[in-house]
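>>> Here you go, sequence then predicted model.
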Amino acid sequence: MQQAIEILVGGLLSGAIYALVALGLTLVYRVAGILNLAQGAFVVLGALVFYSLETSAGWPLVPALVAAALGVAAVAVVVAVVAVRPALGRLSIGGILILTAGVLTFFQGVTLVIWGSNPYAVPAFSGEAPVLILGVHVPTQGIWIVAALALSDLALALVLARTTFGKALRACGEDPVAASLMGIDVPRMTVLAFAVAAALGALAGAIVGPLTALAFDTGSFFTNAGFIAVALGGIGSFLGAIAGGLLLGVSEQLAAGYVSSLFSPTLAFVILLAVLVLRPDGVLGARVRRIDVAQAFERPAPVLRFRGRGGLAVAATIVVLVAIAPFLLAGTGLVASLVIAGVFVLSLLGLDLLMGYAGQVSLGHAAFMAIGAYATALLVVRGGVPPLAATAIGLVLTLVVAIGVSGVVARLRGLYLALATLAFGLLVDSLLVGAADQTGGPSGLTGIPSFSLGTLSVDGDVADYYLVWIVVGVAALLLVDLARSDFGRALQAIRADQTAARALGIPVARYKTYAFVIAAGCASIAGSLYAFDFHYLAPDLVSTPRSLELVTMLVVGGQGTLVGPLMGGVALTLLPAVVQPLAAYKTVVEGALLVAVLLYMPGGLAGLLTWRPRPRAAAPAERRAT
Amino acid sequence: MSIALEARALARSFGGIRAVRGVDLRVDEGSITAIIGPNGAGKTTLFNLLTALVPPDAGSAELFGERIVGLDPAAIARRGLVRTFQTARVLPGLTTLENALIGAHRRVRSSIGAQAMRLGGASAEERELAREARSLLETVGLAARVDDAATDLPAGSQKLLELVRALMAAPRVLLLDEPAAGSNDAEVRELAAVLRATRDAGITLVVVEHNMSLVMDLADQVVCLDLGQVICAGAPSVVQADRRVIDAYLGQPT
Ligand SMILES: Nc1ncnc2c1ncn2[C@@H]1O[C@H](COP(=O)(O)OP(=O)(O)OP(=O)(O)O)[C@@H](O)[C@H]1O
Ligand SMILES: [Mg+2]
């Protein structure tokens, strides 16, 4: 009993933190219809700024706390003004979601550069000795946490109910178009909401610091927790955010206490996926319905096409370059990087079909690489299955999972679909770590042999290079033909206008499933090749950060062209290898690039190659030539 | 002559607004039916009900004797009931030619695998459809803009493109929602020629249209809707002379 109560208390405390993060997410969602994946970065930033001020600079507790919250709020204002405000009306809901993922990546990189990769232990505010309340040991920090949650709830409730800001905010939430017609400056409200949300997050981070180890990549953990809390409670509801946070905290602690701490995240993601799919309004049924700003103001996608011979010229150049690259680069060590690049390009080709053509954002693409890679590696290492057969079995397994997942998420659209793929990716991540007996857990799986066919073994960088790039070539040929046929047009129609697509006889759900499954298949084969090339697998190599990196590569390379994957995959893999000093800033650069390209180069690198029609006023004679 | 499209007692309300209340419609195969009526009469909603973009509260509809209420929009389109929209919905991100080609989706026979590998006549089919699309685009004067982004076309051209897209589907019954809106007299005459050629090719047409001279010129049957009900149906000359129709247009109580 005692134990149960202490588990419960622990759960409520971490739940309170999740609730604070979730409140910030909700605030931004209510104003702008955006789920800000960077929220977790503000949490970590708050914690580390607070740590530096209090522990390193010797500031007193409360000023350090206030300064951290204000400082992070200021950073959030800059983020909102520079990155988010310009995106409103320029990007789709999915685009903005990806953008905030870029901001998260950027800040994880910044934190890494400033504070290094070691975790920080923040000392408790009021000593480490727990107090005894009604016979239950409660860490003193817990009292701070509860107080912080209670105070921010109160403050938020007052602000919402009493101030013009609150009124304007509620108006935005109900109908942003009407709100802007009423003279409410929606973009400015978005910036304000970001600031308040970031301050809440920073506060949460500073206060939870003593109870967890914080490191540069903890940000995504908090984003995930906040996002699960929000989904549980019903996206857009403040009360739901608090309840969802507490619920998540308690169930996590219960699972860790009574089942297994390794699998407790798995449980959270299973619950999340179930809620997203079965009860998209949250278990409390409190989702706030709203018209999304991004949807209401979205601009049409640019048209990028290679015209006639231009396409042929580009294709020929690519083939020649790919064929001779190992000779040009012999001795530079870059061939090995190009093998990895090829693996990513293969995975990206599928992702491009799904995101660039069908318009379905996937934030869990690496999970399919993981399934292919681990299945193949385990079959070869543990089962002695020949590599080609193992790859095929891995592919079949991935396709089965993909069909299942797409059946489950098929009903979801836009934001919810992206979030469900994220949840699926996180679920696979946690399984890879949890099933340590099979997968080797966090420390990885070693001893994977090279790919071989009979007695022919593909050893060494150059052989690996040709193996991978030949597969890339075959996949590209098939996908290019597919994309330029009725199938590709149907996917683009779905992306452009689902209603019009249906009215033309396109079975939207089925075609989305096709795209999803083809994408997963590409990822699976890429994962298998990755394992054979690397001889080693760890969850880090094919987990959610990798999913986000793949999205970055695709966006930077350019979506919807099938050339973008090549350019983005190669450029972002080679960049840190070629420009060594950049390696330390890899994450920062990737995050910043993602944001910048989304905002200012919608065609990506491929857009530089392709012909883009200029809108021109049609002469009347031309309109009526006949 | 068989009945191409038949609706019985179709009804649909939006909140308190009874947009369509018990509409019966019979369209003979190979004919042109015009649907007229003042703004808000329920014409577009009737199309939405027939194409399942909006589910009806009550009533039934049949396409060549097959019940279509309850099918999803894509299934209805695949059976040959194709429509255009009052405000053209060309697909952003696709060129004019691609927009036209996507109309032919229901006719494409090559499997996805064949399309990927360009096997089993997939290339030939694609070439044939492209040729057809280009020639249709040429007849409506869009030949020079086949490779332009469709959303860059002026509004009138977008409506024509949408018509071409619908024709590419080789529909059995084609529903057109105000095809002449925003066109000048010369353009209307051209449109009339295209529609007549379409009818002569055996496609049954149902056209919502405000342009009376076009309606009188083309239609075999005119149906006038007001406040969600059919107030008059028959030959053009009969409907034109009907007191209730004139009153509905002038906004007077009938
Ligand atoms: N999705 C909807 N939600 C709410 N009301 C609707 C909806 N669609 C139509 N209505 C209402 O139903 C009525 C009929 O509209 P409908 O668009 O069918 O008229 P219409 O005859 O096509 O008019 P117009 O000539 O202006 O196009 C109108 O009062 C309209 O406001
Ligand atoms: Mg209408």
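Received the coordinates, thanks. Residues are numbered from 1 along each chain as shown, chains lettered A, B, ... in the order given. Ligands and ions are numbered 1, 2, ... in the order given.
>>> The closest residue to chain B within the stretch 51-200 of chain A: neighbour count?
Nearest residue of the stretch 51-200 of chain A to chain B (Cβ to the nearest Cβ) works out as A:Ser92 at 11.2 Å. Placement of C-beta: from N, CA and C, glycine included. Residues near A:Ser92, counting by other Cβ atoms under 10 Å in any protein chain shown, number 20.
>>> quick one: it and A:Trp469, what's the gap?
Distance, A:Ser92 to A:Trp469, by Cβ to Cβ, to the nearest Å: 33 Å.
>>> Write out the residues of chain B neighbouring ligand 1.
Contact residues (Cβ under 6 Å from any ligand atom) of chain B with ligand 1: B:Phe14, B:Ile17, B:Ala19, B:Gly37, B:Asn39, B:Gly40, B:Ala41, B:Gly42, B:Lys43, B:Thr44, B:Thr45, B:Gln86.
>>> Show me these that map onto strands.
Secondary structure defined by DSSP state E assigns B:Phe14, B:Ile17, B:Ala19 of the residues of chain B next to ligand 1 to strands.
>>> export those residues to TSV and tack on distance to A:Gly183 and pLDDT?
TSV is the format used below for those (distance: Cβ to Cβ, whole Å; pLDDT from 0 to 100):
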residue	distance to A:Gly183	pLDDT
B:Phe14	29	93
B:Ile17	29	91
B:Ala19	32	93
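>>> Would you mind writing the ChimeraX command to select the buried ones in the residues you listed?
To isolate the buried ones among those in ChimeraX, judged by 16 or more other Cβ atoms under 10 Å in any protein chain shown, type:
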select /B:19
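>>> For ligand 2, tell me whether the helix or strand B:Asn48 falls within is touching it.
For B:Asn48, the element it lies in under DSSP states H and E is helix B:43-50. Yes - contact of helix B:43-50 with ligand 2 (Cβ under 5 Å from the ion) involves B:Lys43, B:Thr44.
>>> what's in contact with that helix?
B:5, B:7, B:10, B:12, B:19-20, B:23, B:25, B:35-37, B:54-56, B:59, B:61, B:68, B:76, B:81, B:83, B:86, B:175, B:177, B:206, B:208, B:225, B:228 (Cβ atoms under 8 Å, 6 or more residues apart in numbering or on different chains).
>>> cool, stretch B:111-131 as well?
Under the criterion Cβ under 8 Å, 6+ apart, residues A:478-479, A:481-482, A:485-487, A:514, B:97, B:101, B:104, B:107-110, B:168 lie in contact with stretch B:111-131.
>>> can you check stretch A:397-415 too?
Residues outside stretch A:397-415 that contact it (Cβ under 8 Å, 6+ apart) are A:35, A:92-94, A:97, A:273, A:276-277, A:280, A:292, A:295, A:361, A:368, A:371-372, A:375, A:417, A:420-421, A:424, A:509, A:512-513, A:516-517, A:519-521, A:523-524, A:527.
>>> in it, what's buried?
The neighbour-count check on stretch A:397-415 (16+ other Cβ under 10 Å) flags A:397-399, A:401-402, A:405-406, A:408-410, A:412, A:414-415 as buried.
>>> picking that back up, now the ones in strands among the residues of chain B next to ligand 1 in CSV, with distance to B:Thr151?
Formatted as CSV, those follow (distance: Cβ to Cβ, whole Å):
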residue, distance to B:Thr151
B:Phe14, 29
B:Ile17, 31
B:Ala19, 29
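>>> so where do the helices sit in the stretch 101-250 of chain B?
Secondary structure of the stretch 101-250 of chain B (DSSP state H, counting those that start in this stretch): helices located at B:112-117, B:122-139, B:155-168, B:185-200, B:212-218, B:236-241, B:243-250.
>>> Between those helices, which one is closest to A:Leu154.
Ranking the helices of the stretch 101-250 of chain B by proximity to A:Leu154 (Cβ to Cβ) places helix B:155-168 first, at 53.2 Å.
>>> Are there helices or strands packed against that closest one, and which ones?
helix B:96-102, helix B:122-139, strand B:173-177, helix B:185-200 (3 or more Cβ pairs under 8 Å, 6 or more residues apart in numbering or on different chains; DSSP states H and E).
>>> Could you identify which of these is most buried?
Greatest average neighbour count among the helices and strands packed on helix B:155-168 goes to helix B:96-102 (a mean of 27), per mean count of other Cβ atoms under 10 Å in any protein chain shown.
>>> Is chain A within reach of it?
Yes - contact of helix B:96-102 with chain A (Cβ under 8 Å from any Cβ of the partner chain) involves B:Glu98, B:Leu101, B:Ile102.
>>> Check those residues against A:Ala101 and report the nearest one.
Set against A:Ala101, the nearest of the residues of helix B:96-102 next to chain A by Cβ to Cβ is B:Glu98 (30.4 Å).
>>> isn't that closest one right up against A:Leu491?
No - using Cβ atoms under 8 Å, B:Glu98 is not in contact with A:Leu491; the gap is 11.7 Å.
>>> now the helices for the stretch 201-350 of chain A?
A:218-233, A:238-258, A:264-278, A:293-296, A:308-328, A:334-351.
>>> Minimum distance to ligand 2: which of the ones you listed has it?
helix A:293-296 (21.8 Å; Cβ to the ion).
>>> Which one of the residues in chain A is closest to ligand 1?
Per Cβ to the nearest ligand atom, the residue of chain A with the smallest distance to ligand 1 is A:Thr499, at 11.6 Å.
>>> any idea of the angle the host helix or strand of A:Val471 forms with helix A:334-351?
Assigned by DSSP H and E, A:Val471 belongs to helix A:460-483. Calculated by axes from the mean of the first three to the mean of the last three Cα atoms, to 10 degrees, helix A:460-483 forms an angle of 20 degrees with helix A:334-351.
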